[in-house]
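Engineer: Build me a model from this:
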Amino acid sequence: MEGKKFVVVGTDGRQRAAAALFRQLGFEVAGEEKIAQADVVLLPTPLSALKIPLEQMLQKIRPGALVFAGSVRREEQRMATAAGVQLIDPLTREELAVLNAVPTCEGAVQILLGEREETLWNSRILVLGFGRIAKLLAQRLTGFGALVTVAARRSEVRALAAALGYRTLEISAMQGAVSGFEVLVNTVPALVVDQTMVDLLRPDAFVLDLASAPGGVDFEALGKRKIRTVWARGLPAKCAPKTAGRFLGQMVLKIMEEMEQ
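Structural biologist: Coordinates of the predicted model:
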């Protein structure tokens, strides 16, 4: 891996932090102007943030180069393969997803503290889903003294949440309980807070959606009821770009090491 030339495309905090890590480890790092000479190219995360069409960018990259980008779609993967470029999405790696859950949870707590006029302590909070982000977030919220209930479809997931000390609720049973919560935090990337559910929310409720597109709540219905709602996407890059960038850079290097072995 020694002597590899890196090009980092994009100037947001996460890209700058990844570039700084590469330089710190002794790699030559340049911007997009030297992309034709690059052995390794780090494109933006998500790849949709690229400022020019991907096809146009691929024309600048030499065949055989390693290209990393986040949230790569199948069509984009096919385009890269046709151009003779190996396009790798580090976000598909479980360890990076877990690490990114840390700044996501801190950003979620920041939103809840900044957007509400009540303490987290003694607030009744319903967390929908119990994946990576939800597990960490439930722990953080409980540390603030919040009264956390976890809603999940699968019985074994609810059993784990109960074993960790949280109240639990089956998602299909939420309609009978949702009016008792001041805060709903959704982590499920599918519509779970629909029109029927929105109609049952208390008028002073706060809804935070952490799910990826298309989200898990009916934003139009929430808007009509004037229920405060935040759809917080891309929190690692927004609330902790330096940390998220280091995580990204470390994963790129780990993948490269694995490929060489």
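Engineer: so how far is R78 from E55?
Structural biologist: Remark: distance between E55 and R78 (CB to CB, to the nearest Å) = 11 Å. Backbone N, C-alpha and C define where each C-beta goes, glycine included.
Engineer: ditto for L43
Structural biologist: As judged by CB to CB, L43 and R78 stand 16 Å apart.
Engineer: Of these two, which one has the most company?
Structural biologist: More crowded of L43 and R78, by other CB atoms under 10 Å: L43, with 26 against 11.
Engineer: what's the burial count for the nearest residue to the more buried one once chain neighbours are set aside?
Structural biologist: Distance criterion CB to CB, 6 or more residues apart in numbering; nearest residue to L43, sequence neighbours excluded, is A69 at 3.8 Å. Neighbour count for A69, taken as other CB under 10 Å: 27.
Engineer: And the helix-or-strand element of the chain with minimal mean pLDDT, what does it pack against?
Structural biologist: Across the helices and strands of the chain, mean confidence by mean pLDDT, DSSP states H and E is lowest for helix 235-239: a mean of 91. Helix 235-239 sits against helix 13-24, helix 94-115, helix 241-260, with contacts defined as 3 or more CB pairs under 8 Å, 6 or more residues apart in numbering; DSSP states H and E.
Engineer: if we go to 7 Å?
Structural biologist: Contact analysis of helix 235-239 by 3 or more CB pairs under 7 Å, 6 or more residues apart in numbering; DSSP states H and E lists helix 94-115 as its packing neighbours.
Engineer: Just the angle for the helix it packs on relative to helix 241-260, thanks.
Structural biologist: Angle, helix 94-115 to helix 241-260, by axes from the mean of the first three to the mean of the last three CA atoms, to 10 degrees: 170 degrees.
Engineer: Residues touching helix 94-115, excluding its own?
Structural biologist: Contacts with helix 94-115, where a contact means CB atoms under 7 Å, 6 or more residues apart in numbering, come from 90-91, 120, 132-133, 136-137, 140, 183, 185, 206, 208, 210, 228, 230, 232, 235-236, 238-240, 243-244, 247, 251.
Engineer: could you list every residue that touches the closest residue in space to E32 that isn't next to it in sequence?
Structural biologist: Nearest non-adjacent residue to E32, counting by CB to CB, 6+ apart: V9, 5.0 Å away. Listed by CB under 7 Å, 6+ apart, the contact partners of V9 are 32, 41-44.
Engineer: In strands, which of those residues appear?
Structural biologist: Secondary structure from DSSP state E places 41-42 of these in strands.
Engineer: which one of the contacts of V9 sits closest to L222?
Structural biologist: P44 (29.8 Å; CB to CB).
Engineer: Kindly spell out which helices and strands sit in contact with the host helix or strand of E55.
Structural biologist: Of the helices and strands defined by DSSP states H and E, E55 is found in helix 54-58. Using 3+ CB pairs under 7 Å, 6+ apart, the elements in contact with helix 54-58 are helix 74-82.
Engineer: With pLDDT and distance to E260 as added columns, please give the contacts of V9 in a markdown table.
Structural biologist: Shown next, in a markdown table, are those (pLDDT from 0 to 100; distance: CB to CB, whole Å):
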| residue | pLDDT | distance to E260 |
| --- | --- | --- |
| E32 | 94 | 26 |
| V41 | 97 | 17 |
| L42 | 98 | 18 |
| L43 | 96 | 21 |
| P44 | 93 | 25 |
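Engineer: Fine by me, we can end here.
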